[in-house]
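> Sharing a model prediction with you, sequence too.
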Amino acid sequence: MITLASFLMGIAFGGTFNVYVSPIKFVNRATNPNISISHEVDAPYYYSSLYAKMAKEDNGHGGYHPVEKVRVYSEHTIEVLYPDCNYRRRPVLCAIENGHYYVETIVTLNDNQMIFRTTLYAPDGTIINTATRTDEMVVNWIRQQEVTVVETETRQGKQTMTHFGKEEMPLKWEIPYQLLQYHAQQASMGLWVGVKLN
């Protein structure tokens, strides 16, 4: 039944490049309480809608030309085309069963770095391309040492004496990384610019 539906969809859309883009999945391994991330989970869908046209396909003569028809679907719109598959729980399997492409985006957070990775899967479940953007925690160490400067005036002129006291442990100043719209936009563009379909 599913194979027949995929075949009929292929006839109906003849040569259409269908793509399902799932919401961002977050893997939070950060223990630092100063790290907080909030982001629009559907950003990869919006940017894929803009940049999927940059993908290239084989023209049959040894070269490539831009993909002509691209249809990009979100978690909410894919169910209209393929209502019999649970895209929230099994997106790769649904893409394989229904014969379309799938874009997965995973953001991994740890105490030192944010990794924004987006991956394009072919209809057979293999990876075609992936793009990654990162941002890192900046750590500055502020030296703590008591310094006493004494100026005295004598007949010979001014004299300055500097006394360095005990040095304390330096202060750690952390500037947390940020997850910006820029990361989603750049990763999506990098993903689609590098795609060449045969």
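In hand now; what should we look at?

> Which residue is the nearest non-sequential neighbour of Asn110?
Arg29 (4.5 Å; CB to CB, 6 or more residues apart in numbering). Placement of C-beta: from N, CA and C, glycine included.

> Give me the phi and psi for the one you found.
With angles defined as degrees, to the nearest 10, Arg29 sits at phi -110, psi 10.

> can I assume it is in contact with Asn112?
No - judged on CB atoms under 8 Å, Arg29 makes no contact with Asn112 at a distance of 10.2 Å.

> who's more crowded, these two?
Between Arg29 and Asn112, counting by other CB atoms under 10 Å, Asn112 is the more crowded of the two (13 against 8).

> what about stretch 42-57, start to end distance?
Terminal residues of stretch 42-57 are spaced 26 Å apart (CA to CA, to the nearest Å).

> let's have the chain start at 116 instead
Fine by me, first position is 116 from now on; the one you just mentioned is stretch 157-172.

> Report all helices and strands that the longest strand along the chain contacts.
Looking across the chain with DSSP state E, the single longest strand is strand 272-290. When contacts are defined as 3 or more CB pairs under 8 Å, 6 or more residues apart in numbering; DSSP states H and E, strand 272-290 packs onto strand 253-269.

> how much space between the residue nearest the centre of the chain and Thr223?
Geometric centre of the chain, nearest residue: Phe231, 2.7 Å, by CA atoms, centre = their mean. Noted for Phe231: a distance of 8 Å to Thr223, by CB to CB, to the nearest Å.

> what domains does the record give for this structure?
Domains of the chain are assigned by automatic domain parsing as 117-252+292-312, 253-290.

> Show me what counts as buried in the last one.
In other words, domain 253-290. By neighbour count on 16 or more other CB atoms under 10 Å, the buried set for domain 253-290 is empty.

> measure Gly214 to Val265 for me?
The gap separating Gly214 from Val265 is 82 Å, by CB to CB.

> orientation of the longest strand of the chain relative to strand 253-269 in degrees?
Here the directions of strand 272-290 and strand 253-269 differ by 170 degrees (axes from the mean of the first three to the mean of the last three CA atoms, to 10 degrees).

> Please list the outside residues in contact with strand 272-290.
Here strand 272-290 makes contact (CB atoms under 8 Å, 6 or more residues apart in numbering) with 147, 149, 252-268.
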